[in-house]
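Participant: got a predicted structure here, sequence first:
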Amino acid sequence: MFAVLSVDGTPMGLSDDVAESITLQFDTDSAPTHRCRACGEELAETPDGYESTSGDTACADFEPTADTDPDYGEGPHDPERIPLSWCNSAAVHTDESEDSVTVSISVGDPRGAFTFTIRRVPDDADGDLAGRLIMHTPYAGEPMPHAALTVLHEGTHVVGTYAPTRRLHSVPPAA
């Protein structure tokens, strides 16, 4: 099989042996998961709120809700999640013996991952699926899942523990 690895559209050299697996690892143990919207500092969550890596809980770029507020520059950090801070790893694995490609994405426990596999049923297999491609995906209720899945709608799941909230009163339509 001939394969070319590209990184951001640039072909990367491969040895004569074709790689069977390509993996991106993210440092989720020591990397911050939040930053301040106002000042941009990386933040750590503490029992008392968020603080910068230097231990500051006050944001120098804090903007009060009213221009007359005397606490300008003295308010708390405004945390936002850092993109991809939820991802431990992402990998693509090809397996010629199984005629398959598997994509793995780890979002929680780094010892596991959600896996999506497409494989071809051998041409000489009995039945209607011979020579066909089939896809295996994670599903809600599977034994030993990487993380809990709740069906949002067909083909889409919420990852992690989720209990939808229910409206107690209906909202009238807009006039």
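Facilitator: Received, thanks.
Participant: quick one: the strands in the protein?
Facilitator: Under the criterion DSSP state E, strands of the chain are mapped to 5-7, 10-12, 21-25, 34-36, 42-46, 49-52, 79-81, 89-95, 100-106, 114-120, 133-136, 149-153, 156-159.
Participant: nearest to Phe62, out of these?
Facilitator: Closest to Phe62 of the strands of the chain, according to CB to CB: strand 34-36, at 9.0 Å. The way it works is simple: take the backbone N, C-alpha and C, and place the C-beta from them, glycine included.
Participant: sheet partners, orientation included, of the closest one?
Facilitator: Taking DSSP bridges as the criterion, strand 34-36 forms sheet pairs with strand 42-46 (antiparallel), strand 79-81 (antiparallel).
Participant: export those strands to JSON lines and tack on mean neighbour count and mean pLDDT?
Facilitator: Formatted as JSON lines, the entries for those read as follows, by neighbours: other CB atoms under 10 Å; pLDDT from 0 to 100:
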{"stretch": "strand 42-46", "mean neighbour count": "15", "mean pLDDT": "88"}
{"stretch": "strand 79-81", "mean neighbour count": "13", "mean pLDDT": "92"}
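Participant: any chance of JSON lines for these, columns distance to Thr10?
Facilitator: Formatted as JSON lines, the entries for the strands paired with strand 34-36 read as follows, by distance: least, CB to CB, whole Å:
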{"stretch": "strand 42-46", "distance to Thr10": "29"}
{"stretch": "strand 79-81", "distance to Thr10": "29"}
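Participant: Pro143 is nearest to which of the ones you listed?
Facilitator: Smallest distance to Pro143 across the strands paired with strand 34-36 (CB to CB): 30.5 Å, for strand 79-81.
Participant: so, low pLDDT: which residues of the chain?
Facilitator: Within the chain, the set of residues satisfying pLDDT under 70 comprises 1-2, 14-19, 28, 64-73, 166-175.
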